[in-house]
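Engineer: need a structure here:
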Amino acid sequence: MTRHSTAFDVESLARRLTSVLRGTARHDPGTKALYSTDASNYRLVPDLVVVPADVDDLVAAVCIAAEVGAPVVVRGGGTSMAGNVLGGVVVDVSRHVNRILDLDPAGRTAVVEPGVVLTDLTAAAARHGLTFGADPSSASRATLGGMIANNACGAHSVAWGTTADNLMGLETLLSDGSRLDLTVPAADTGRDLTVQATDAGTRRRMAELAARPGREGELHRAMQDLAQRNALAIGRRFSGLKRRISGYALDRLLPEHGYDVARFLCGTEGTLATTLRATVGLVPLPAAKALLVLGFRDSFSAAECVPHVLPHQPLTMESINDELVRRLPD
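Structural biologist: Purely as a prediction, here's the structure:
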């Protein structure tokens, strides 16, 4: 991947960030090399690497970079597989912005900073018989902020859904320094977008949000206008497919889907807002597990069986072809 051109003064930005932050802002070759790759096949050398000491540092770094027009990429464990966390001003939240701020076993919720690694959360939740529903294979390195950015799912998404389905609220930062505290609507049905929210209640809440002062109200009015003007196209072109990951889930903004801005942001790869903290839902760990192995003559027969298995509420379903089985060691 060819290095992109830099339209801002890296030296000047580094000096300014260093004078303000308690964390670090570096652009030496060694540091940039460490952050030039992720789990993808791409390599893109960043202009600058910022490691904030806390949330206030994260806010300052994003706002200062935005002032000079520098592209910001907030990065956790670098587990993205499509080059999602490469280039520009890379902000690594996994080092210090990684606290579990609250864990409520009774309410089955946790409040986390974006740099919390998933296995740290699941280990803390497991002590109470709970876990986080989305469980990608990169769990020992993936951060909750990154999982929110690309709406990560995992093997158990058939039962517990994607990260968005397990998101209860977001505190986000915009590039102009504005903050939005977004709560998932109480009437939200979670994993099934085909179930309609209470129309009157949703429209009343939308009106209240649009009437808020300043930047917050302005943004809600703009999002509601966008959804209203394009409602027909959105309704036709966005499916109810449960395992939708990266992208702009515009159907979340429709009144019939609860006007769910927090979950709309989930999957947008940090292009619209930076996650400062998140409230996530937790699910009970199963008391016992059983494994069922079924054999089919081909992949088409296996796929045809799926609708018959789903009503039994499996935790996960995986397909393995005969070639992979033959290659397994004895």
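Engineer: in the stretch 201-330 of the chain, which spans are helices?
Structural biologist: For the stretch 201-330 of the chain, the helices defined by DSSP state H, counting those that start in this stretch occupy 214-229, 231-237, 261-265, 299-309, 322-327.
Engineer: Ok, which of those helices comes nearest residue 184?
Structural biologist: For the helices of the stretch 201-330 of the chain, proximity to residue 184 was assessed by Cβ to Cβ; helix 261-265 is nearest, at 5.2 Å. C-betas here are computed from N, CA, C, even on glycine.
Engineer: Show me which positions of the closest one end up buried.
Structural biologist: By 16 or more other Cβ atoms under 10 Å, the buried positions in helix 261-265 come out as 261, 262, 263, 264, 265.
Engineer: Which member of these is positioned nearest residue 309?
Structural biologist: For those, the closest approach to residue 309 (Cβ to Cβ) belongs to residue 263, at 27.1 Å.
Engineer: how near is that closest one to residue 164?
Structural biologist: Residue 263 sits 4 Å away from residue 164, going by Cβ to Cβ, to the nearest Å.
Engineer: between the helices of the stretch 201-330 of the chain, which gets the lowest average pLDDT?
Structural biologist: Mean pLDDT values for those show the minimum at helix 322-327, a mean of 86.
Engineer: Which residues does that helix contact?
Structural biologist: Helix 322-327 has contacts (Cβ atoms under 8 Å, 6 or more residues apart in numbering) with no other residue.
Engineer: CA atoms only: put that helix into CSV for me.
Structural biologist: Extracted in CSV, the C-alpha atoms of helix 322-327 (Å, rounded to 0.1, in the frame of the first residue of the first chain):
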residue,chain,number,x,y,z
ASP,A,322,-14.4,-32.8,4.4
GLU,A,323,-11.1,-31.5,3.1
LEU,A,324,-10.5,-29.6,6.4
VAL,A,325,-11.4,-32.7,8.4
ARG,A,326,-8.9,-34.8,6.4
ARG,A,327,-6.1,-32.3,7.1
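Engineer: correct me, but residue 156 touches residue 318?
Structural biologist: No - counting by Cβ atoms under 8 Å, residue 156 does not reach residue 318; the two are 10.7 Å apart.
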